[in-house]
Every structure is written in structure tokens, then in C-alpha cells.
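> Give me a 3D structure for the following:
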Amino acid sequence: FFNDELLEEKDIAISPNDLIVQRGVGIFDFFRIVSGKPLFIKEHLNRFIKSAAIAKIPLRWSYEKLEEMVIQLIEVNQKDSGGIKIILSGGVSPMGMEVISPNLIIIQNLAASPASLKYENGVSIITCDFMREFPAVKTINYFNSVWLHDELSKSDAIDVLYHHNGFLQELSRSNLFLVKDKVLITP
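Here you go, the predicted structure:
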């Protein structure tokens, strides 16, 4: 989907004057699809809506409409696994600073699960002292993650664990979960 229109991915076009391009203003969320069902869709859409509100990017689509669009996209694509990414841009801004008319993009892609050997043998990660500028908002700003990509390759690591002031934050592409005294803990 691009705004309210179902399109081929190749036909989606963002203006170079959109704040997502000019200033990096945008939010997103991502969730997996298993057996044709979006996992934790309620939680992800609620987080997306909350991120839009905190980021002060007006969202003209209701929870119900977003859910309907996701389900329709899955049905049209006829792929029962993968992932859904929802992106809300800042929209075109005449002066380059005011959020006026955001654009919504919903895409479905193939999100492969890690090979079973990674579960059996474990994986390597690197660490970095870093905290996102707005940790409560799932922004599109992943500059630090992209910047560290060469370091990941050199270290044969799959991800970066961010920490700051003695606290574990998150990984660059996933959340962090620990079990301590039979209690699930996450930042």
C-alpha cells in the first residue's frame, strides 16, 4: 500500500522533498507473518500508532483501517510467511520542517528465519555504547546500525548489542529478552 492505494512495490514513489528523505523524519514497525497470520499485530499496530503520536506525525488511518490493509496485503500477495513493514513518512514540507501530509507505506517481504545451526551453535554479536535519540519511538533512523555494518562483517557477527550508562538497550534489529529467576525481562 502507498497511502490508500494498493500498488506494485516498484510503483511506489516518495518525493525527494518528503521529510523522510530530507530530514530523516519517519517511523516504522515490522512484524512477522507465520502461516498467513500476522504475529502480535495488535501490539505492533498500537506501538506504531503510539510512535506516530509521540513523533508528532499525524496518522489519518485508524487502527482498524491499518489492520484491514495488512490483512488485504497478505491475501493479495498469497505468501503465508515473511514480514510486514509499515512506514509513516513526515510528508512533503514546503519549508522542510513542518509535518503536513505524511505518507503511509505498507510492504510485505520475505523475512527468513535464522538457520537452525544458529540456534544450536549460537551466534556472535558486537557491542556499542549507544542509545537512540527517541527510544520510545520506532524511528527510521538506523544510521548507527548501517555505519557499524562493516564492523559486523569483520567480526563475523550478526548484530550489535547497544548499551548505555551500564544498561542494556536493544540490538540493532531486534529486542532483547532475558529470563532471570523465571521472570521475562526486556528493556
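> switch to C-alpha atoms for all contacts and neighbour counts from now on
OK.
> Confidence-wise, which helix or strand of the protein is lowest on average?
When each helix and strand of the chain is scored by mean pLDDT, DSSP states H and E, helix 116-121 comes last, with a mean of 80.
> any residues touching stretch 176-185, and which ones?
169-170, 186-187 (CA atoms under 8 Å, 6 or more residues apart in numbering).
> repeat that for 6 Å
170, 186 (CA atoms under 6 Å, 6 or more residues apart in numbering).
> show me what contacts the spatially most central residue of the chain?
The residue lying closest to the centre of the chain (CA atoms, centre = their mean) is residue 29, at 3.6 Å. Listed by CA under 6 Å, 6+ apart, the contact partners of residue 29 are 48, 85-86.
> circling back: and the contacts of the least confident helix or strand of the chain?
The contact list for helix 116-121 (CA under 6 Å, 6+ apart) is empty.
> after that helix, next one along is what?
Next helix or strand after helix 116-121 toward the C-terminus (DSSP states H and E): strand 125-129.
> Go through that following strand and flag the buried ones.
For strand 125-129, a neighbour-count test (16 or more other CA atoms under 10 Å) marks residue 126 as buried.
> For it, what is the distance to the chain centroid?
Distance of strand 125-129 from the chain centroid (CA atoms, centre = their mean, to the nearest Å) equals 20 Å.
> The chain should start at 58 in everything you say after this.
Renumbered: residue one is now 58, and that last one reads strand 182-186.
> Output the contacting helices and strands for it.
With contacts taken as 3 or more CA pairs under 6 Å, 6 or more residues apart in numbering; DSSP states H and E, strand 182-186 sits against strand 216-221.
> With just CA atoms, put the strand it packs on into PDB.
Taking Å, rounded to 0.1, in the frame of the first residue of the first chain, the C-alpha atoms of strand 216-221 are listed here in PDB:
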ATOM      1  CA  ASP A 216      24.100  -8.000  15.200                       C
ATOM      2  CA  VAL A 217      25.000  -5.100  17.500                       C
ATOM      3  CA  LEU A 218      24.000  -5.000  21.200                       C
ATOM      4  CA  TYR A 219      23.600  -1.500  22.300                       C
ATOM      5  CA  HIS A 220      24.300  -0.400  25.900                       C
ATOM      6  CA  HIS A 221      24.400   2.900  27.600                       C
END
